[in-house]
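Novice: can you look at this prediction? I've put the sequence above it.
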Amino acid sequence: MTIFGSSPMSRVRAWLIWTAGFLAFPIAGLAGNAVAGRVDDPIAALLGGAVAGAVLGAGQTLASRGRLDIRTWVPATAIGMGVGLLLGAVTVGYRTSLADLALMGAVTGLVLGPAQALALPRATRLRWLWAAAMPALWALGWSATTLGGIVVDNQFTVFGAYGAITFSALSGLLLLPLLPTHRAAHSAADPTPSEARA
């Protein structure tokens, strides 16, 4: 199968566009905090995480250039982030030290990863690699944000720009080779008449 483009330049272009999708993270964070406020209780964590997840999922769908299905990716990201942030924030008692936020990110990724893996296109190869990587990548995102000097004491729903760039760049290196091409995804969704009769 051709992996997200037939030339090195097209592969780099796809990765750069996915990485530029980091801009969805601060927008998602603003939306989550506008709706739920600080992540300092279970309702705020669940609601804020779900809202941030919906916005983030939409942004990632755009950054994928149509290779993620908005009808499945956005709900999966919203549910995964809502439940994941709830469990993660409760686990660390809503604390915001570097270690606490890394652990909160890992727990969030433990829930979000499988939810998104199930929402990947049917022809995706090795989809569970995505689920396995999410705890580490979300922990790294929160760590990069904290070490970058962002005022994490404000108890945001999602990590800031430093973490978002780190997450997007690394996750793109993993996800894009796993995703089917547009042609492969279309073929899986719409079998030929002979396949349909089989």
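Specialist: Structure's in. What do you need?
Novice: please name the residues that touch residue 61.
Specialist: If you count contacts by Cβ atoms under 8 Å, 6 or more residues apart in numbering, residue 61 has them with 68-70, 73-74. The way it works is simple: take the backbone N, C-alpha and C, and place the C-beta from them, glycine included.
Novice: and for residue 114?
Specialist: Contacts of residue 114 by Cβ under 8 Å, 6+ apart are 80, 131.
Novice: SS state for residue 126?
Specialist: Of the three states, residue 126 takes coil under DSSP: H, G, I helix; E, B strand; the rest coil.
Novice: could you pull up the residues touching the nearest residue to it once chain neighbours are set aside?
Specialist: For residue 126, ignoring the flanking residues on the chain, the nearest one in space by Cβ to Cβ, 6 or more residues apart in numbering is residue 178 at 5.8 Å. For residue 178, the contacting residues are 120, 124-127, 129-130, taking Cβ under 8 Å, 6+ apart as the criterion.
Novice: roughly how far apart are residue 178 and residue 133?
Specialist: To residue 133, residue 178 is 10 Å away according to Cβ to Cβ, to the nearest Å.
Novice: min pLDDT across the contacts of residue 178, which one?
Specialist: Scanning those for pLDDT, the low point is residue 125. It has 88.
Novice: can you count the residues close to that residue?
Specialist: In terms of burial, residue 125 registers 13 neighbours under the definition other Cβ atoms under 10 Å.
Novice: if we can go back for a sec, buried subset of the contacts of residue 61 as a PyMOL selection?
Specialist: Under the burial definition 16 or more other Cβ atoms under 10 Å, those of those that qualify are selected in PyMOL by:
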select buried, resi 68+69+73+74
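Novice: residue 102 contacts residue 137, doesn't it?
Specialist: No. No contact is recorded between residue 102 and residue 137 when judged using Cβ atoms under 8 Å, the distance being 11.4 Å.
Novice: can you get me a residue count around residue 174?
Specialist: Taking other Cβ under 10 Å as the definition, residue 174 ends up with a neighbour count of 15.
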